[in-house]
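*Asks:* Build the 3D model from these lines:
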Amino acid sequence: MVSKIVFVESGFGDGAMQMQLDEALARAFLLPTLRDLIGANAVLIRFYGWSPPAISLGFNQAPTAFDLDKLAADGIDLVRRPTGGRAVFHIDELTYAAILCLGKSPAEHYADINRALSVGLETLGVETAFQKQQPNFRERYARVASVPCFTASARYELEINGKKLVGSAQRRFGTVLLQHGSIMLTPKHRNLTRYLSTTDAALLAGIRQDLDAKTISVSEVLGRTPSYNELCSALKTGFETAWQLPSVTLSPTDAAALTKKTSSLHFEH
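*Replies:* Numbers count the residues shown, from 1 in each chain. Purely as a prediction, here's the structure:
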């Protein structure tokens, strides 16, 4: 039974470090050293950003879809997530990670976490709705045009007028669940097509059209771009309100200790 929420604001870091930390925290979640720091029945919610910008691949996605020279020229990293799904361009966004012991099915936790995100976004004036259908991702991933994650929404993901705002993915580590996802602040994530390795102009145009038609950002809804801190605060309120649990935010010292306790665990490449 979850008894409290522990928030960690990690700030900005490179993509490899952020993905390593998400996986390491999930793998260490049941270890005494970590449980002593956050509490035996806590859920960990981490907020962070990406600097430099990066494109992350789903765990089983091939990197050959991207032009490494173009990425390097623009100072953009290419990293692999510990979770599944397709490529995400992490630029002008806030990323969340939720780590908890499984008490329900992963799908139920998926809905609970997205409901909390929805409540938080609503405090900013961003009204979202759940996607009610589950696409056939196996069939979709077989198509070349399926490279970007944000052109398809899974059940319970957050949309506005049918356009995806938040993209999330999960992975189980025994009895521990890691769910993390991106909330796009501006439309810059659609520039992912610039870095695809294909020279097929029609394919590139089709993927860009998909991103334009099926995605939306917070700034496009509000007419302004909230700061990282403003969005963190709103999402914290969302989790507290939706889950009705006491919460604590780790101090910078405790957050550093949390990172140190898991620094010896490494992401599987």
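*Asks:* Can you tell me what sits against stretch 194-201?
*Replies:* Taking C-beta atoms under 8 Å, 6 or more residues apart in numbering as the criterion, the residues outside stretch 194-201 that touch it are 55, 64-67, 70-71, 74, 76, 89, 144, 147, 204, 207. The C-beta positions use only the backbone N, C-alpha and C, and glycine is treated the same way.
*Asks:* can you do 7 Å?
*Replies:* The set of residues that contact stretch 194-201 without belonging to it, under C-beta atoms under 7 Å, 6 or more residues apart in numbering, is 55, 64, 65, 66, 67, 70, 71, 76, 147, 204.
*Asks:* any idea how far residue 99 is from the first one?
*Replies:* Right, the one you point to is residue 55. 23 Å (C-beta to C-beta, to the nearest Å).
*Asks:* and what of the fourth one?
*Replies:* Residue 66 sits 28 Å away from residue 99 when distances are taken as C-beta to C-beta.
*Asks:* quick one: which of the two has more around it?
*Replies:* Legend: neighbour count by other C-beta atoms under 10 Å for residue 66 and residue 99, higher for residue 99 (25 against 21).
*Asks:* Surely that one touches residue 178?
*Replies:* Yes: the pair residue 99 and residue 178 passes the contact test of C-beta atoms under 7 Å, sitting 5.5 Å apart.
*Asks:* joint contacts of the two?
*Replies:* residue 26.
*Asks:* Helices of the stretch 1-150 of the chain, start to end?
*Replies:* If you assign secondary structure with DSSP state H, counting those that start in this stretch, the helices in the stretch 1-150 of the chain sit at 15-28, 32-38, 68-73, 106-122, 137-141.
*Asks:* Report the buried residues of the fourth one.
*Replies:* Buried positions in helix 106-122, judged by neighbour count with 16 or more other C-beta atoms under 10 Å: 109-121.
*Asks:* ditto for the second one
*Replies:* By 16+ other C-beta under 10 Å, the buried positions in helix 32-38 come out as 34, 37, 38.
*Asks:* At the geometric centre of the chain, which residue sits there?
*Replies:* Closest residue to the average C-alpha location of the chain: residue 181 at 1.5 Å, with C-alpha atoms, centre = their mean.
*Asks:* Now that one: closest residue in space that isn't a chain neighbour?
*Replies:* Taking C-beta to C-beta, 6 or more residues apart in numbering as the measure, residue 181 lies nearest to residue 168, with 3.0 Å between them; neighbours along the chain are not counted.
*Asks:* Surely that neighbour touches residue 178?
*Replies:* No: no contact is recorded between residue 168 and residue 178 when judged using C-beta under 7 Å, the distance being 10.6 Å.
*Asks:* ok so, going back, list the contacts for the residue nearest to residue 181?
*Replies:* 114, 157, 179, 180, 181.
*Asks:* what are the pairing partners of the host helix or strand of it, and which direction each?
*Replies:* Using DSSP states H and E, residue 168 maps to strand 166-173. Using DSSP bridges, the strands paired with strand 166-173 in its sheet are strand 176-184 (antiparallel).
*Asks:* And the contacts of the strand it pairs with?
*Replies:* Surrounding strand 176-184, the residues in contact under the criterion C-beta under 7 Å, 6+ apart are 22, 26, 29-30, 82-83, 88, 90, 93-102, 106, 109-110, 113, 165-171, 217-218, 231.
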